[in-house]
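>>> Return atomic coordinates for the entry below.
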Amino acid sequence: MTTPQMNQTTGAAYTRILSLGAARGENVVPNADIIEPINSSDEWIQQRTGVITRVRASKDVHVVDLAETAARQAIERAGIRPDQIGVVLVSTVSGGVATPSVATLLAERIGANPAAAYDISAACAGYAYGIAQADSFVRSGLAEHVLVVGAEKLSDIIDPTDRTISFLLADGAGAAIVGPSDTVGISPTVWGSDGSKWDAIGMTSTMQEYREGAGEVAWPTLRQEGPTVFRWAVWEMVKVAKLALERAGVTSDQLAAFVPHQANMRIIDEFAKQLGLPDTVVIGRDIATTGNTSAASIPLATHRLLEEHPELSGGLSLQIGFGAGLVFGAQVVVLP
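Presented below is the predicted three-dimensional model:
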């Protein structure tokens with residue numbers, strides 16, 4: 001039998017991030033407000049993590065609300081209409097429900113229907129995963145523009161007495177519009193996972209255990225094995241970052257910026273040291289006053305970097321996300 005020939009779509013030769021949008025929790029929470037439950041001190045938190053304050057949203061603010069604010073800003077800055085968005089991707093681990101997706105509700109709210117829409121569960125690497133998929137969708141012709149959002153309300157899934165991660169976590173959303181470009185604006189992505197460390201970052205229990213526990217099992221909250229995560233991030237993720245530079249065909253001295261996931265200031269500083277970044281490279285350190293917002297941290301840090309250093313626009317930025325799974329993703333992008 002002769003197989004009939006089918007049509008194949010093709011899209012833009014190249015893509016880039018056209019714009020960014022941001023939304024942060026409206027409540028600034030200093031270390032002094034959280035040290036008593038974890039029996040700690042402001043000095044200890046700053047020395048170990050670099051966090052001075054973190055931002056958290058009010059109880060009546062949901063993940064989709066943060067995502068909508070960031071998305072609307074990104075759409076406006078890109079100069080496109082919502083109906084020009086072909087795909088809506090929301091990276092989140094704190095959407096509140098297993099289904100339906102946050103992305104479908106977001107698409108409805110911003111007027112992007114009938115765009116394809118789905119959530120990405122890749123924790124702190126979620127934004128980098130989203131950018132990789134958006135790049136592929138635009139180049140394949142599946143969409144002309146893709147909205148990528150990292151959105152989290154981590155304050156809903158923390159135990160205030162937990163000393164492993166709770167004091168780091170914050171709420172916010174960062175959004176990007178990915179569209180066609182005349183030149184390469186997003187490099188090949190280096191991404192992957194290491195399931196052998198699956199339990200290094202995760203929840204204290206499952207929803208089934210919580211339901212069947214009849215009050216004896218606490219509400220599932222985030223926790224981590226700090227030393228395991230620190231070693232993995234510092235030693236293994238630097239290799240990923242170097243490979244991303246290699247795949248992009250650029251060297252560290254050609255970068256304008258370096259924006260890693262805002263996990264811990266010590267990790268960020270060690271990254272910069274091992275990559276041998278020159279002083280000309282501006283490093284995103286949004287964690288000091290925003291905290292760790294998981295999937296939202298890279299776009300939020302990049303958004304702030306461009307606000308403080310508008311001269312970086314058009315330069316190259318190495319971004320890398322890594323977290324629960326364990327999962328990782330990195331690429332070099334042209335800053336909008």
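
>>> Show residues contacting stretch 285-293.
With contacts defined as CB atoms under 8 Å, 6 or more residues apart in numbering, stretch 285-293 is touched by 24, 28, 49-56, 124, 150, 152, 154, 165, 168-172, 174, 262-265, 268, 297, 300-301, 304-305. The way it works is simple: take the backbone N, C-alpha and C, and place the C-beta from them, glycine included.

>>> From the residues you listed, which land in helices?
Of the contacts of stretch 285-293, the ones assigned to helices by DSSP state H are T49, M265, I268, S297, L300, A301, R304, L305.

>>> give the contact list for the spatially most central residue of the chain.
When CA atoms, centre = their mean is applied to the chain, the residue found nearest the centroid is A295 (2.7 Å). Contact analysis of A295 by CB under 8 Å, 6+ apart lists 91-93, 120, 122-127, 150-152, 321.

>>> The closest residue to P220 other than its chain neighbours and K59, how far apart?
With CB to CB, 6 or more residues apart in numbering as the criterion, P220 has its nearest non-adjacent residue at 4.2 Å, and that residue is M203. Here M203 is placed at a distance of 21 Å from K59 (CB to CB, to the nearest Å).

>>> Those two: who's more crowded?
M203 (16 against 9; other CB atoms under 10 Å).

>>> in the protein, which spans are helices?
42-49, 63-78, 102-110, 126-140, 207-212, 226-231, 237-248, 265-275, 287-290, 297-308.

>>> between those helices, which gets nearest to L18?
Nearest to L18, of all the helices of the chain, is helix 63-78, at 4.2 Å by CB to CB.

>>> For stretch 131-141, buried residues please.
I131, A132, Q133, A134, D135, S136, F137, V138, R139 (16 or more other CB atoms under 10 Å).

>>> How about stretch 264-272?
N264, M265, I267, I268, E270, F271, A272.

>>> Same list (the residues you listed) but as CSV, adding distance to W198 and pLDDT.
Listed next are the buried residues of stretch 264-272 as CSV, based on distance: CB to CB, whole Å; pLDDT from 0 to 100:
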residue, distance to W198, pLDDT
N264, 20, 92
M265, 26, 95
I267, 20, 93
I268, 24, 95
E270, 24, 92
F271, 23, 92
A272, 29, 91
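
>>> now F322: how far from D162?
In this structure, F322 and D162 are 21 Å apart, going by CB to CB.

>>> Compare these two (neighbour count), which wins?
The neighbour count for F322 versus D162, taken as other CB under 10 Å, is higher for F322 (28 against 17).

>>> May I ask which helix or strand of the chain has the lowest mean pLDDT?
Every helix and strand in the chain was compared by mean pLDDT, DSSP states H and E; the lowest is helix 207-212, with a mean of 75.
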